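Colleague: Got a predicted structure here, sequence first:
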Amino acid sequence: MRVLFVTWAWGSHFNPLVPFGWALRAAGHEVMVASHPSFAPTITAAGLPALPAGRHVDLVEVLRDTLAKAGWYDKHRQEQRKAKADKNWSDAQRLGSGAGMRRGLNVLRVAADSAAAMADDTVRFIDRWRPDAVVYEPFGFLGPLIAARLDVPALRLLWTVDFLHSVGDVEEELLGELAARIGAPRINAVGDLTLDPCPPRLQVVDDLERQPMRYVPYNGPAVEPAWLRRPKRRRRICVTWGTSIDGLALNDGLLAPAVVRELGKHDVETVVAVVESQRELFGELPENVVNLGRVPLDQALADCDAIIHQGGGGTTMTAVKNGVPQFVLPILPDTMFNAQHVAASKAGTYLWGGDAWGERLTHELGQYLADLDRYQEEAAQMRAEHLAMPSPADVVSLLEKRVR
């Protein structure tokens with residue numbers, strides 16, 4: 001069996017595809033990962049073969065440009081200021097009363113442009129290679145079009161809660177022209193089957209056909225640091241803000257330094273997992289900080305009692321896998337979506353990032369720590385549900401039967 005993977009050039013979108021690619025290759029199948037040429041080294045570093053498709057695209061620069069031209073940064077800061085001035089500012093208003101979703105559509109258009117840039121080289125390749133199935137991440141919009149052109153199964157592999165479950169509502173606007181250009185008889189942006197890493201209590205409920213598949217964390221090569229092998233003396237709390245905040249120049253929304261200062265008032269150990277460019281934002285650290293900088297999150301969370309983060313998909317799912325209760329401080333529409341689902345699962349709680357300052361942060365963080373035992377019970381139950389889900393290897397066996 002030959003399986004084509006499609007992703008745009010963003011690490012946190014590609015990484016969750018990797019374990020399924022490994023499982024397919026371990027079962028003797030051929031895999032190829034199509035993305036922008038600049039992303040090929042990231043793909044091959046994961047042990048998978050890369051298909052460089054289309055022209056060079058600096059996705060970080062394109063996204064920053066797109067958001068700036070759409071006034072996203074100005075509107076984001078205005079909403080932050082409004083929230084600080086008005087404690088009755090609701091969650092819907094905080095996301096811009098629909099403006100947040102419209103700004104999200106701007107990002108989807110970048111994903112559609114990404115698909116168009118990759119299309120010609122990918123079509124030439126698949127017409128020769130003839131894959132039996134296509135696996136793609138939710139922003140890899142070329143994937144379902146290629147599958148439709150070849151009349152093979154399109155498998156959409158999620159990285160977290162399905163924020164784009166209703167993307168079919170705008171698929172014609174986004175992809176209609178590209179579908180016609182490459183001879184795809186349908187768009188089908190949500191695919192024929194969604195490979196879903198979320199336990200049922202965490203996921204949206206809809207009519208899409210979903211195949212549960214256990215989340216296996218992968219964030220590139222990792223080395224276990226020496227400090228992580230030393231026994232902890234107190235409850236250990238991880239604070240991380242992912243990598244996208246830095247990549248999209250949103251470090252003014254980095255709430256981690258304020259969180260770390262608040263944790264300095266509590267009898268806990270604090271592990272701060274941030275990229276190097278964010279280290280200087282923390283200033284003088286409380287004495288209870290045992291790490292500041294990059295850390296392999298899966299290994300770190302195996303020995304943590306809680307995590308405080310921005311709501312990114314990889315962080316959310318790695319916490320689920322490790323049974324760690326979450327306190328989420330989101331500032332983006334997709335991270336708010338994740339946060340609300342974490343709270344609904346009872347394995348954590350959230351506070352909109354615009355409110356996470358001063359007395360409100362002090363109170364909510366203190367309440368979270370006071371309720372930690374209750375959240376830990378729910379997180380442990382969700383971990384058990386997660387571990388009971390089929391592994392990537394199990395899903396390979398199911399795919400073999402579907403393709404035959």
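Modeller: Done, it's in. None of the values given here were measured: they were computed from a predicted structure.
Colleague: where does the chain have low pLDDT?
Modeller: 66-104, 243-253 (pLDDT under 70).
Colleague: please redo it, this time with the cut-off set to 90
Modeller: Residues of the chain meeting the criterion pLDDT under 90: 55-107, 110, 219-231, 241-255, 274-283, 291-296, 331-333, 354-355, 357, 402-404.
Colleague: Tell me where the stretch 1-150 of the chain has helices.
Modeller: 11-14, 18-26, 40-45, 59-69, 72-85, 91-94, 99-129, 142-150 (DSSP state H, counting those that start in this stretch).
Colleague: how does the chain divide into domains?
Modeller: As assigned by automatic domain parsing, the chain contains the domains 2-58+105-214+389-403, 60-92, 226-387.
Colleague: could I get these as TSV with mean neighbour count and distance to G220?
Modeller: Glycine gets a C-beta too; all of them are placed from N, C-alpha and C. TSV is the format used below for these (neighbours: other C-beta atoms under 10 Å; distance: least, C-beta to C-beta, whole Å):
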stretch	mean neighbour count	distance to G220
domain 2-58+105-214+389-403	19	7
domain 60-92	14	17
domain 226-387	19	9
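Colleague: mind listing the strands for this protein?
Modeller: With DSSP state E applied, the chain shows strands at 2-6, 30-35, 50-52, 133-136, 154-157, 193-196, 210-212, 235-240, 268-273, 289-293, 306-309, 326-328, 348-350, listed in chain order.
Colleague: In PDB, could you pull the C-alpha coordinates for the first one?
Modeller: What that stands for is strand 2-6. What follows is strand 2-6, C-alpha atoms only, in PDB (Å, rounded to 0.1, in the frame of the first residue of the first chain):
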ATOM      1  CA  ARG A   2       1.200   3.500  -0.900                       C
ATOM      2  CA  VAL A   3       0.100   6.400   1.300                       C
ATOM      3  CA  LEU A   4       0.600  10.100   0.500                       C
ATOM      4  CA  PHE A   5       0.800  12.500   3.500                       C
ATOM      5  CA  VAL A   6       0.100  16.200   2.900                       C
END
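Colleague: where's it relative to the chain centroid, distance-wise?
Modeller: The chain centroid and the centroid of strand 2-6 are separated by 20 Å, computed with C-alpha atoms, centre = their mean, to the nearest Å.
Colleague: The last one now?
Modeller: In terms of C-alpha atoms, centre = their mean, the centre of strand 348-350 is set 17 Å apart from its chain centre.
Colleague: What of the third one?
Modeller: On the basis of C-alpha atoms, centre = their mean, strand 50-52 is displaced by 22 Å from the centre of the chain it belongs to.
Colleague: Need the residues that contact it.
Modeller: Strand 50-52 has contacts (C-beta atoms under 8 Å, 6 or more residues apart in numbering) with 4, 32-37, 39-40, 43-44, 121-122, 125.
Colleague: Which one of those is nearest to A356?
Modeller: Of all those, A356 sits closest to F39, with 33.2 Å by C-beta to C-beta.
Colleague: Can you name the residues that contact that closest one?
Modeller: T7, A9, F14, A50.
Colleague: Output those as JSON lines; include the columns distance to A148.
Modeller: Formatted as JSON lines, the contacts of F39 follow (distance: C-beta to C-beta, whole Å):
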{"residue": "T7", "distance to A148": "18"}
{"residue": "A9", "distance to A148": "23"}
{"residue": "F14", "distance to A148": "22"}
{"residue": "A50", "distance to A148": "23"}
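Colleague: Nearest to S397 among the strands of the chain would be which one?
Modeller: Closest to S397 of the strands of the chain, according to C-beta to C-beta: strand 210-212, at 11.5 Å.
Colleague: Summarise which helices and strands the closest one is packed against.
Modeller: Secondary-structure packing of strand 210-212 (3 or more C-beta pairs under 8 Å, 6 or more residues apart in numbering; DSSP states H and E): strand 193-196.
Colleague: Identify all contacting residues around the strand it packs on.
Modeller: Taking C-beta under 8 Å, 6+ apart as the rule, strand 193-196 contacts 20, 135, 153-158, 162, 203, 208-213, 395, 402.
Colleague: repeat that for 6 Å
Modeller: For strand 193-196, the external contacting residues (C-beta atoms under 6 Å, 6 or more residues apart in numbering) are L155, R156, L157, L158, L208, E209, R210, Q211, P212, M213.
Colleague: Quick check: the second one vs G168, distance?
Modeller: Read it as R156. According to C-beta to C-beta, to the nearest Å, R156 stands 11 Å off from G168.
Colleague: ok, now the fifth one?
Modeller: From L208 over to G168 the distance is 9 Å, taken as C-beta to C-beta.
Colleague: next one: the fourth one
Modeller: In this structure, L158 and G168 are separated by 15 Å, where distance is defined by C-beta to C-beta.
Colleague: same deal with the first one?
Modeller: Relative to G168, L155 is positioned 16 Å away (criterion: C-beta to C-beta).
Colleague: and what of P19?
Modeller: P19 sits at a distance of 27 Å from G168 (criterion: C-beta to C-beta).
Colleague: P153 too?
Modeller: Using C-beta to C-beta, we find P153 at a distance of 17 Å from G168.
Colleague: now do L48
Modeller: Separation of L48 from G168 (C-beta to C-beta): 29 Å.
Colleague: got it, and H309?
Modeller: H309 sits 30 Å away from G168, going by C-beta to C-beta.
Colleague: The residue nearest the centre of the chain - nearest residue in space that isn't next to it in sequence?
Modeller: Taking C-alpha atoms, centre = their mean, the centroid of the chain lies closest to G313, which sits 2.8 Å from it. Spatial nearest neighbour of G313, excluding adjacent residues (C-beta to C-beta, 6 or more residues apart in numbering): T160 at 3.1 Å.
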